[in-house]
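Undergrad: could you work out the structure for the sequence below:
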Amino acid sequence: MKLVSLFTLGLCAATATARSSQATLTEDKPDVPGKNPLKFCAQPDDYILEIKKADLSPNPPEAGTKLTITATGNFKKDVEEGAKVHLQVKYGFITLVKQTADLCETVQKVDLECPLKEGEMTLTKDVDLPAQIPPGKYTVLADVVTKDEDKITCLTAEVTFARNGAATFSF
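TA: Reported below is the predicted structural model:
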């Protein structure tokens, strides 16, 4: 059984933390359980992936260090070929990344393969953060859907990096 939450968390955390230092999150969105700056885009009751816990270490992340992401989740059903990840990263009002990727091709980067099977699993992934991270506010959105556009998961985070590269999160 494979866990797309690790991929999504890794993508969000790597993209967001590789560019910032303090997390400010929108209060009306449900928190992702664990030690992380992530929120669900909406109530996750109907999501195919139930994220039970996601932890970042160190938390908050630090420029020039290795970020370890540990995630535990449960797929309510198999996820087949054709699933997509819609990723958007903004720096203030400027869109830095707006892309759609094939989920099955992307999960290979974290040693997974499709189909992602129904059931529970825990995974760990290390992400090397660059030593120089431009200061400013970054907003990350990762929306993961099946080939039929059913919601697998959707995660968002707002992260602000200080000039010194140190990360702090406010919840």
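
Undergrad: only C-alpha atoms from now on, for both contacts and neighbour counts.
TA: OK.

Undergrad: what sits against the nearest residue to D46 once chain neighbours are set aside?
TA: Computed as CA to CA, 6 or more residues apart in numbering, the closest residue to D46 that is not its neighbour in sequence is K151, at 7.4 Å. If you count contacts by CA atoms under 8 Å, 6 or more residues apart in numbering, K151 has them with 46-48, 143-145.

Undergrad: with Q43 instead?
TA: By CA under 8 Å, 6+ apart, the contact list for Q43 reads 29-30.

Undergrad: where do the helices sit along this protein?
TA: Along the chain, the stretches classed as helices by DSSP state H are 4-17, 103-107.

Undergrad: list the buried ones in the shortest one?
TA: Using 16 or more other CA atoms under 10 Å as the burial criterion, the residues of helix 103-107 that qualify are 103-104, 106-107.

Undergrad: so which bits of stretch 91-101 are buried?
TA: Y91.

Undergrad: do the same with stretch 44-51
TA: Using 16+ other CA under 10 Å as the test for burial, stretch 44-51 gives 44, 47-51.

Undergrad: how far does it stretch from start to finish?
TA: 9 Å (CA to CA, to the nearest Å).

Undergrad: so which residues of the chain form strands?
TA: 22-24, 39-40, 49-57, 66-75, 84-91, 94-102, 119-128, 136-145, 151-161, 168-170 (DSSP state E).
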